[in-house]
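> next comes the sequence, and after it the predicted model I'd like to discuss.
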Amino acid sequence: MVSDRRWLRGNTHTHTTYSDGDSPPEVVADWYAEHGYDFIFLTDHNAMIPDSHLARVQQRGLAVWQGEELTMGVVHVNGLGLRQPIVPPPELRLQIGEENRDDRVRWAVEQILAQEAVPSVNHPNRWDALGHAELAQAGDLRLLEIANMSPEAAAANPGDLFRPSTEQLWDRLLEDGKQVWAVASDDAHHFTRWGPRWSNPGRGWLMVEARSTSLADLLGALRGGRFYASTGLALDDYQARGREIALELASGPACIELVGPGGQVLDTAVGQSARFKLPPERLPYARVRATGLDGTRLWTQPHFL
Ligand SMILES: [Zn+2]
Ligand SMILES: [Zn+2]
């Protein structure tokens, strides 16, 4: 359906009873439809919902598209918009040892791109799964989850003394010149038990600038970085042109930061809107992060200069 809204809300990481989710796709789709989402991708571990079942779930009030979370030990990569399931070979699925993480992530990205689907490298900090060295060799990984909001991953997103945050990992890839876009997602597994221990829906999402929720429109916008990631904040307007970025928040006042390479904060505004003039020195990119009073955030994609 063609939309008259600028942004469409969706979740790119959702589990069902096709793997370790606690609810069937119907329950999952109904939750997201009832909470104002326009689309979701179903991303079960090494499994895809069959076309016949998908066709029935697509009648439930939002666009539901196929995906798969290619799962190889600690390396997890979503294929969004896959047509055929991808089965990782046994040698890449090994749990023990955990060597060859760069081989695993590169293989997954290649398999997904071969189907003209969109890869998303998931929760790089969970289990210390993937660092800059592995991600730098992953090819055109395109999407990186910097805010997977399932409890264990969310605890690992900020990094620690020994590991950069997921956001710092993203900046390092951008500094390398890669076109990589930041994703917030639910990684939802639990629709029958609620609370901070469970991977519940509604904690991390994307707002996608797409004409419609057709698979082609959504994948085009995801590939092109025409979206922002959120754990609670929303935009009313956003313009990035030349050496200026201007935005208005739909939600209440926030700390709005202009971020450059290395995660360096170049400018800050407090309030409901900001108009940043980009500094005259040569910067490869700048991006915006906003943090609300309750700690929830949004991240725009980099504006390349
Ligand atoms: Zn995962
Ligand atoms: Zn998952």
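That came in fine, so what should we check first? Ligands and ions are numbered 1, 2, ... in the order given.

> so the closest residue to ligand 1 within the stretch 1-150 of the chain is in which element?
As assessed by Cβ to the ion, ligand 1 sits closest to His76 within the stretch 1-150 of the chain, at 3.5 Å. Any C-beta I mention is one placed from the backbone N, CA and C, and that applies to glycine too. Assessed by DSSP states H and E, His76 sits inside strand 75-80.

> immediately after that strand, which helix or strand?
helix 90-93.

> tell me the buried residues in that following helix?
By neighbour count on 16 or more other Cβ atoms under 10 Å, the buried set for helix 90-93 is Leu92.

> low-confidence stretches in this protein?
1, 95-98 (pLDDT under 70).

> any idea how far the residue of the stretch 151-300 of the chain found nearest ligand 1 lies from ligand 2?
Nearest residue of the stretch 151-300 of the chain to ligand 1 (Cβ to the ion) works out as Asp187 at 6.2 Å. Here Asp187 is placed at a distance of 4 Å from ligand 2 (Cβ to the ion, to the nearest Å).

> how much space between that residue and Ser214?
For Asp187, the distance to Ser214 equals 25 Å [Cβ to Cβ, to the nearest Å].

> the more surrounded of these two?
Asp187 (29 against 15; other Cβ atoms under 10 Å).

> OK, contacts around the nearest residue to that one once chain neighbours are set aside?
Nearest non-adjacent residue to Asp187, counting by Cβ to Cβ, 6 or more residues apart in numbering: Ser150, 3.9 Å away. For Ser150, the contacting residues are 123, 186-189, 199, by Cβ atoms under 8 Å, 6 or more residues apart in numbering.

> list the helices and strands the helix or strand hosting Thr71 packs on?
Using DSSP H and E, Thr71 sits in strand 63-72. Secondary-structure packing of strand 63-72 (3 or more Cβ pairs under 8 Å, 6 or more residues apart in numbering; DSSP states H and E): strand 8-14, strand 39-45, helix 51-57, strand 75-80, helix 90-93, helix 101-114, helix 215-224.

> helices or strands next to the first one in the packing?
Spelled out, it's strand 8-14. Counting by 3+ Cβ pairs under 8 Å, 6+ apart, the packing neighbours recorded for strand 8-14 are helix 25-34, strand 39-45, strand 63-72, strand 75-80, strand 143-148, strand 181-185, strand 205-208, helix 215-224.

> same check, this time on the last one
Secondary structure elements in contact with helix 215-224, counted by 3+ Cβ pairs under 8 Å, 6+ apart, are strand 8-14, strand 63-72, strand 118-121, strand 205-208.

> same check on the shortest one?
Using 3+ Cβ pairs under 8 Å, 6+ apart as the contact criterion, the neighbours of helix 90-93 among helices and strands are strand 63-72, helix 101-114.

> work out the sheet partners of the first one and label each with its direction, please.
When you say that, I think you mean strand 63-72. Counting by DSSP bridges, the strands paired with strand 63-72 are strand 39-45 (parallel), strand 75-80 (antiparallel).

> what inclination does the longest one have with respect to helix 215-224?
It refers to strand 39-45. With axes from the mean of the first three to the mean of the last three Cα atoms, to 10 degrees defining the directions, strand 39-45 sits at 80 degrees from helix 215-224.
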